[in-house]
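Trainee: I'll drop the sequence and a predicted model, then ask my questions.
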Amino acid sequence: MHTKSVAQLATGLSEGQFSSVELTRVFLDRIAAIDPLYNSFISVDETAAMAAATAADKRIAAGDAVALTGIPIAHKDIFCTNGMRTSCGSRMLDNFIPPYDATVIQRFKAAGAVLLGKTNMDEFAMGSSNESSFYGPTRNPWDTTLVPGGSSGGSAAAVAGLLAPAATGTDTGGSIRQPAAFCGITGLKPTYGRVSRLGMVAFASSLDQAGPMAHSAQDCALLLNIMAGHDPLDSTSSKVGTEDYCSTLQNSLAGLRIGLPREYFKEGLDSATGECINAALKELEALGATLVEVSLPHSSLTVPAYYIIAPAEASTNLSRFDGVRYGYRCEDPSDLHDLYSRSRQEGFGDEVKRRILVGTYALSAGYYDAYYKKAQQVRRLIKQDFMECFEQVDIIAGPTTPGPAFALGAKSNDSIAMYLEDIYTLAVNLAGLPGISVPAGFVDHKPVGLQLIGRHFDEALLLNTAHALQQVTDWHLRTPASATGGHA
Amino acid sequence: MTIIEQSEIEKIAELARIRLSSDEIGQVTARIAEILAMVDQLQAVDTHDVEPMANPLDATQDLRPDIVTEGNQRDAFQAIAPAVKNGLYLVPKVIE
């Protein structure tokens, strides 16, 4: 059961082949047996999950089910879940029990999906390796000496390790796409504003977006159907209409123009990874797409622009964590200043503190114009590059990451090396565009991903293209030995 | 090339209300200096006449009628606070 796709599970449930209770039990048992190896979950509430499964079975029996009714879904521990700890991978929120559900969580509950558990993540979504979590690093199911990627590394590992059929993640600079690539799964970052951010703990408000992570584009489409849509409680959520993202999966790719930015295929890209990407692109060509060389001239400015804007926005968003209303409070504060500064010293990990400090600096008097304003201007130039390309092509493609997953500990003392892992993903958030990573083969048994970037609100085309690729390749169907070996 | 002094980091840490101990500050300054050296690449870019972009879709703030639509959930929200009394959040004394 645990090797089936969400689509297959939905069929199985509706045909009565098995119940949601049986299905949920399978995944809960697998989590208990195997997750000590991956550390992909922070919280699992078996009682609540079984109660949700029981309710789903009643709904299915009553003929009242929708596509995701009874399907267990894991959620990144950044989405507020009413009555259930939401830690953001941080000591700061280790004791935080939200009194409400994020809109994304509400939508899954309304569909009758089963909340399987909350997944591990880089602290406050800041990271590309899942090593900065207060709850310890997550390990890659393909090779447990390697990172799964981050910051949605727990969700990626849980899906890759067959501990959940699908999961939610969030992506501010690549945090869905990069771990999806490292773990051999499919992950979509929708257009900025496509999915509500209400109840999703904010890292960088102009960059953050929630999205689905699963084994296939079809499964991601099923989840996106639940997640997408305007939310009056999120003033940045878009009123652009949604569609049934499954209905166009089977469209032919004939006439599709795919742009390959020359900046993405030069030094910095591991050559074996480049070969995998080219092989995947050849498959798309065989399906009727035309490959066109394009240019994104300001690509080299992406990392510096992002590492001013994201920390600046984070410094503002994380100022709410002050030990007063919720979360961690230091012991015996001597005065208010001590309460704030020691709660934050003790509650936040090193990477979070670094980024808050960089952001505070970039916004401070005397530096705002040179850093933050400058970065916002460069941001517009980066977006313009994409808009110009989209006059000649429909999709922009390239590697999701410069290479496959790296070893745990390999980059944790080198900030710049870590930040360069996101070199192909950051611009997509800066421009607010949708992007998907799909499995595109293996380098020394380690998965790599092909990234497809679309015009604003063109998620359907990305899912369609990914689905077409997945009908003629089987990289997305491979599973790691650790997931089927069965022992912890 | 040092583009940031330890004393500057101390000022920034004060603005951010994050205490840095004396044994942390050297390391933190060095790590942040690396990041600032990297982002300094932007200084070479010609951006005169480029409008800064705060929102990737250049979206503007939606407005709604100024009427009350939400209920009072203070008790639910304060149930998870470190210290409350009579509906107020308790902190160390501020005024002498």
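Mentor: Arrived safely, thanks for sending. Residues are numbered from 1 along each chain as shown, chains lettered A, B, ... in the order given.

Trainee: mind checking which helix or strand residue 68 is in?
Mentor: Using chain A. Using DSSP states H and E, residue A:68 is not contained in any helix or strand.

Trainee: List the contacts of it.
Mentor: A:6, A:10, A:108, A:111-113, A:222-223, A:226 (CB atoms under 8 Å, 6 or more residues apart in numbering or on different chains). Any C-beta I mention is one placed from the backbone N, CA and C, and that applies to glycine too.

Trainee: ok, of the residues you listed, which one's closest to residue A:30?
Mentor: Relative to residue A:30, the closest of those is residue A:6; by CB to CB it sits at 16.0 Å.

Trainee: is it true that the closest one touches residue A:222?
Mentor: Yes - with contact defined as CB atoms under 8 Å, residue A:6 and residue A:222 form a contacting pair (5.4 Å).

Trainee: list residues touching both of these two?
Mentor: A:68, A:166, A:214.

Trainee: if we can go back for a sec, out of the contacts of residue A:68, which sit inside strands?
Mentor: Judged by DSSP state E, the contacts of residue A:68 include no members of strands.

Trainee: Tell me the buried residues within those residues.
Mentor: Buried members of the contacts of residue A:68, scored by 16 or more other CB atoms under 10 Å in any protein chain shown, are A:6, A:10, A:108, A:111-113, A:222-223, A:226.

Trainee: near chain B too, which of the residues you listed?
Mentor: When contact is defined as CB under 8 Å from any CB of the partner chain, those do not meet chain B at all.

Trainee: Quickly name whichever of the residues you listed is closest to chain B.
Mentor: Chain B has its nearest neighbour among the buried ones among the contacts of residue A:68 in residue A:108, at 21.7 Å by CB to the nearest CB.

Trainee: Go ahead and confirm the closest one touches residue A:222.
Mentor: No - in this structure, residue A:108 is not within contact of residue A:222 by CB under 8 Å, at 11.4 Å.

Trainee: Could you check how far the nearest residue to residue A:368 once chain neighbours are set aside is from residue B:39?
Mentor: Spatial nearest neighbour of residue A:368, excluding adjacent residues (CB to CB, 6 or more residues apart in numbering or on different chains): residue A:362 at 7.4 Å. From residue A:362 across to residue B:39, the span is 8 Å (CB to CB, to the nearest Å).

Trainee: contacting residues for residue A:20?
Mentor: Taking CB under 8 Å, 6+ apart as the test, what residue A:20 contacts is A:13, A:53-54, A:56-57, A:60, A:69-72, A:114.

Trainee: which of those lies closest to chain B?
Mentor: residue A:114 (24.7 Å).

Trainee: So for residue B:60, what pLDDT did the model give?
Mentor: Here, the pLDDT recorded for residue B:60 equals 89.

Trainee: Please, which helix or strand holds it?
Mentor: Using DSSP H and E, no helix or strand contains residue B:60.

Trainee: What is the burial count for it?
Mentor: Neighbour count of residue B:60, defined by other CB atoms under 10 Å in any protein chain shown: 8.

Trainee: How about residue A:414?
Mentor: Residue A:414: 12 neighbours (other CB under 10 Å).

Trainee: repeat for residue A:332
Mentor: Close neighbours of residue A:332, defined as other CB under 10 Å, add up to 8.

Trainee: Is there proximity between stretch B:78-86 and chain A?
Mentor: Yes - judged by CB under 8 Å from any CB, stretch B:78-86 comes into contact with chain A at B:78-83.

Trainee: quick one: contacts of that stretch?
Mentor: Against stretch B:78-86 from outside (CB under 8 Å, 6+ apart): A:95-99, A:323-326, A:329, B:87, B:89-91.

Trainee: Geometrically speaking, which residue is the centre of chain A?
Mentor: residue A:176 (2.2 Å; CA atoms, centre = their mean).

Trainee: Can you tell me how far it is from residue A:459?
Mentor: Separation of residue A:176 from residue A:459 (CB to CB) stands at 13 Å.

Trainee: And the strands in the chain?
Mentor: You didn't pick a chain, so chain A it is. Using DSSP E, strands in chain A cover A:41-43, A:72-76, A:114-119, A:166-171, A:186-189, A:209-214, A:257-261, A:290-294, A:395-399, A:435-443, A:446-454.

Trainee: other chain: chain B
Mentor: So, for chain B - with DSSP E - the strands run B:84-85, B:88-89.

Trainee: Same list, these, but as CSV with mean neighbour count please.
Mentor: Putting the strands of chain B into CSV (neighbours: other CB atoms under 10 Å in any protein chain shown) gives the following:
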stretch, mean neighbour count
strand B:84-85, 12
strand B:88-89, 12
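
Trainee: need the ones you listed in TSV with mean pLDDT, can you?
Mentor: As requested, the strands of chain B are exported to TSV (pLDDT from 0 to 100):
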stretch	mean pLDDT
strand B:84-85	96
strand B:88-89	96
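
Trainee: can you put the ones you listed in TSV and add distance to residue A:262?
Mentor: Shown next, in TSV, are those (distance: least, CB to CB, whole Å):
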stretch	distance to residue A:262
strand B:84-85	59
strand B:88-89	56
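
Trainee: Please identify which of these is closest to residue A:253.
Mentor: Nearest of the strands of chain B (CB to CB): strand B:88-89, 57.2 Å.

Trainee: Which neighbours in the sheet does that closest one have, and how are they oriented?
Mentor: Using DSSP bridges, the strands paired with strand B:88-89 are strand B:84-85 (antiparallel).

Trainee: What is the neighbour count of the closest residue to chain A within chain B?
Mentor: Residue nearest to chain A within chain B (CB to the nearest CB): residue B:56, separated by 2.6 Å. Residue B:56 has 24 neighbours, counted by other CB under 10 Å.

Trainee: Excluding chain neighbours, what is closest to it?
Mentor: Closest to residue B:56 by CB to CB, 6+ apart is residue A:432, at 2.6 Å.

Trainee: Greatest separation within the residues of stretch B:78-86 next to chain A: which pair is it?
Mentor: B:79 and B:83 (12.2 Å).

Trainee: Pull the residues that contact stretch A:215-225.
Mentor: A:5-7, A:10, A:67-68, A:73, A:159, A:165-166, A:168, A:185-188, A:190, A:211-214, A:242, A:244-246, A:249, A:436, A:438, A:459, A:463-464, A:466-467, A:470, A:476-477.

Trainee: same deal with stretch B:22-37?
Mentor: Residues outside stretch B:22-37 that contact it (CB under 8 Å, 6+ apart): A:307, A:353-354, A:357-358, A:361, A:415-416, B:1-6, B:9-10, B:13, B:20.

Trainee: Can you tell me which of these are buried?
Mentor: Using 16+ other CB under 10 Å, the buried ones in those are A:307, A:353-354, A:357-358, A:361, A:415, B:4, B:9, B:13, B:20.

Trainee: for the residues you listed, which one is nearest residue B:44?
Mentor: Nearest member of the buried ones among the contacts of stretch B:22-37 to residue B:44, counting by CB to CB, is residue A:307, at 15.9 Å.

Trainee: do you know how far the closest one is from chain B?
Mentor: Distance, residue A:307 to chain B, using CB to the nearest CB, to the nearest Å: 5 Å.

Trainee: cool, and residue A:385?
Mentor: Per CB to the nearest CB, residue A:385 is found 13 Å from chain B.

Trainee: for chain B, longest helix please?
Mentor: Of all the segments of type helix in chain B, defined by DSSP state H, the longest one is helix B:25-39.

Trainee: All set, thanks.
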